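>>> Model the following, please.
(one chain, ligands or ions: 2)
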Amino acid sequence: MIPDGGSAAGADSSASKTPRADGGAVDDVALDPWGSATIDDYRKLFEQFGIEEFDEVLPEVPNPHYLMRRGVIFGHRDYRPVVEALANDEPAAVLSGFMPTGDPHIGHKMVFDEIIWHQKQGADAYALIADLEAHAARGLTWEEIDEHARDYLLSLLALGFDPEEGELYRQSANREVQDLAFELGAKANFSELQAIYGFDGETDVSHMQSVVTQMADILYPQLDEPKPTVIPVGPDQDPHVRLARDLAVRMRFFKVSEAFASFEATDQERVVMRAAYEALGGDDADVRCEEAADWARTETVEGVATTAVDSAVKKLQNAGKEPLRPRTRFFVRNATDAAFEALIEAIDGEKRVFEEHVDAFDLSIAEAEELARQVEVDNGGYGFRMPSSIYHRFMTGLTGGKMSSSVPASHISLLDDPEDGYDKVKAATTGGRETAEEQRELGGEADKCPVYELYAYLLSGDDDEFAKLVYDECVGGDRLCGDCKEQAAVLMREFLADHQEKREEVADLLAEADIELESPRRR
Ligand code: TRP
Ligand code: SF4
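Numbers count the residues shown, from 1 in each chain. Ligands and ions are numbered 1, 2, ... in the order given. Presented below is the predicted three-dimensional model:
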């Protein structure tokens, strides 16, 4: 989500740097969910953390949202399965969570819009209030939490979330989430949380519990059936997404992989075996492991380390006359004996059963994955798919630095009086030049302008042409900051007035919705 200033240690270490579309500073990027969430260099996120570029899936997305079209949503992890499910009318889900630590602001609106867009595209939509996290990690009282939670929910509904189709919940009142959190907690230990989140001996237990609770949130949409699920968040939440993806795998009954003989091999060793198998005649030949060893000793296989070649040779040599044959292997990870039996039974065609795995000779990897998941679900497992995520850029604060809830002038709350919203925009810093002449000559720097961001992220709505017009006029020197801010300020005033009217209209809808609005908890 959006930074929520000044809570965690070191929160301000990069407060003066601004996220920029072009990358900007090339410091190391810290992804800390409870720290500063200013991300200095989005490019680094691709290189260091393996977040993929959104542009590369964009052409496949049906009716892409304007935040996607304008590059505000800049990255993703494994979003393709969700896109495919939406395009084919198959089950998919979207879920995000909000820590009710202050007023919802225009940064949260992006996430509300992302959830709502996915809901309109046919996904099961979930929005949750992360009240356990707010209580544990930020020390809010339940009374404060209740007040803010209500404000988040009203804005979400006012923007178009359908509470009858979708699900709203708060962590503290969702027994299924807490039960799942407990199960997931059995798959992670303290050292791991220490490495991921920097927890230490002083970290309180409830804070750690809020981590497994978030893991459970992320997997919750799959409790009724496994399905592609997207978690729209800011990149500061990526550590949570990665851990959730790992835990989803650790819960699985079986691991499916390719294999070539009875023994186990690493990915690299398998590349060597695949190469040997094909070079020696593949399906049509009766290739033996020792022949493959001889081949691999003398030939070079591209992209494989020599140590992997050596170990592959050794394994193949040890297997001697055993045939080298590609197969699909189901390795037992968490399965009960009964589930393993059921799996063996369910495999069609030639198969070979071992102590801890079973090899299938007539199943592709994809078919095997499907089968493994089905058997798992039928035998009391979850069959989780790894959750996907999409990441949006953080908005620059109106005063230049980062947008922070604790600096009112830096952000616009969805609850701000429309006149105050107008005034804040008028007082914003810009990417303008020193003088009007210079601006006419050189053009403004829209890419560095918080006001331009307001146009692109919010005020232009779905109207790409308008956003582009503002941009072109700015950089072309045809737009001066005074008028530009006036126009933006008027639009902001209208947006806030309209949004707040809608909030009033949905009050009844919220009262009827299936979510606890007042916590019975003390302090
Ligand atoms: N940790 C998130 C935040 O700081 C809130 C959150 C809780 C969340 N559970 C979630 C976000 C599940 C996405 C998905 O804002
Ligand atoms: Fe920003 Fe508008 Fe000025 Fe351009 S003209 S720098 S977009 S305020």
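>>> residue ranges with poor pLDDT in the protein?
Residue ranges of the chain with pLDDT under 70: 1-40.
>>> Compute the distance between the residue of the stretch 151-300 of the chain found nearest ligand 2 and R393, please.
Taking C-beta to the nearest ligand atom, ligand 2 has its nearest neighbour within the stretch 151-300 of the chain at G234, 23.3 Å off. The way it works is simple: take the backbone N, C-alpha and C, and place the C-beta from them, glycine included. From G234 over to R393 the distance is 8 Å, taken as C-beta to C-beta, to the nearest Å.
>>> Pick out whichever of these two has more residues nearby.
R393 (24 against 20; other C-beta atoms under 10 Å).
>>> per the record, what domains does the protein have?
Domain assignment of the chain by automatic domain parsing yields the ranges 51-251+386-392, 255-378, 408-502.
>>> So which of the ones you listed is the most surrounded?
Sort these by mean neighbour count, taking mean count of other C-beta atoms under 10 Å, and domain 51-251+386-392 sits at the top with a mean of 20.
>>> Please name the residues that touch D131.
P100, W142, I145, A149, R170, Q171, S172, S519 (C-beta atoms under 8 Å, 6 or more residues apart in numbering).
>>> can you give me the strands for the stretch 301-450 of the chain?
Along the stretch 301-450 of the chain, counting by DSSP state E, counting those that start in this stretch, strands occupy 327-332, 351-353, 357-360, 388-392.
>>> so which of those comes closest to D224?
For those, proximity to D224 was assessed by C-beta to C-beta; strand 388-392 is nearest, at 18.1 Å.
>>> Show me what the closest one is packed up against.
With contacts taken as 3 or more C-beta pairs under 8 Å, 6 or more residues apart in numbering; DSSP states H and E, strand 388-392 sits against strand 73-77, helix 80-87, helix 106-120, strand 229-233, helix 238-250.
>>> quick one on the thing from earlier: which one of the contacts of D131 is nearest ligand 1?
Nearest to ligand 1, judged by C-beta to the nearest ligand atom, of those is Q171 at 7.1 Å.
>>> Now that closest one. Nearest residue, chain neighbours left out?
L132 (4.3 Å; C-beta to C-beta, 6 or more residues apart in numbering).
>>> Okay, and the one you found sits in which element?
Using DSSP states H and E, L132 sits within helix 131-138.
>>> How much space separates E486 from ligand 1?
Distance, E486 to ligand 1, using C-beta to the nearest ligand atom, to the nearest Å: 34 Å.
>>> Point me to the helix or strand that includes that residue.
Short version, using DSSP H and E: E486 is in helix 481-505.
>>> which residues are in contact with that helix?
So helix 481-505 is in contact with 154-155, 157-159, 412, 414-419, 421-426, 428, 430, 432, 439, 444, 451, 454-455, 458-459, 470, 474, going by C-beta under 8 Å, 6+ apart.
>>> Over to the nearest residue to V301 once chain neighbours are set aside. Which of the three states is it?
Leaving aside its chain neighbours, V301 sits nearest to A275 (4.7 Å; criterion: C-beta to C-beta, 6+ apart). Assigned with DSSP: H, G, I helix; E, B strand; the rest coil, A275 falls in the helix class.
>>> 43 is where my numbering starts, stick with that
All set: I'll call the first residue 43, so the last point we hit is now A317.
>>> show me the contacts for R367.
R367 touches F302, A303, Y319, V329, F403, counting by C-beta under 8 Å, 6+ apart.
>>> All set, thanks.
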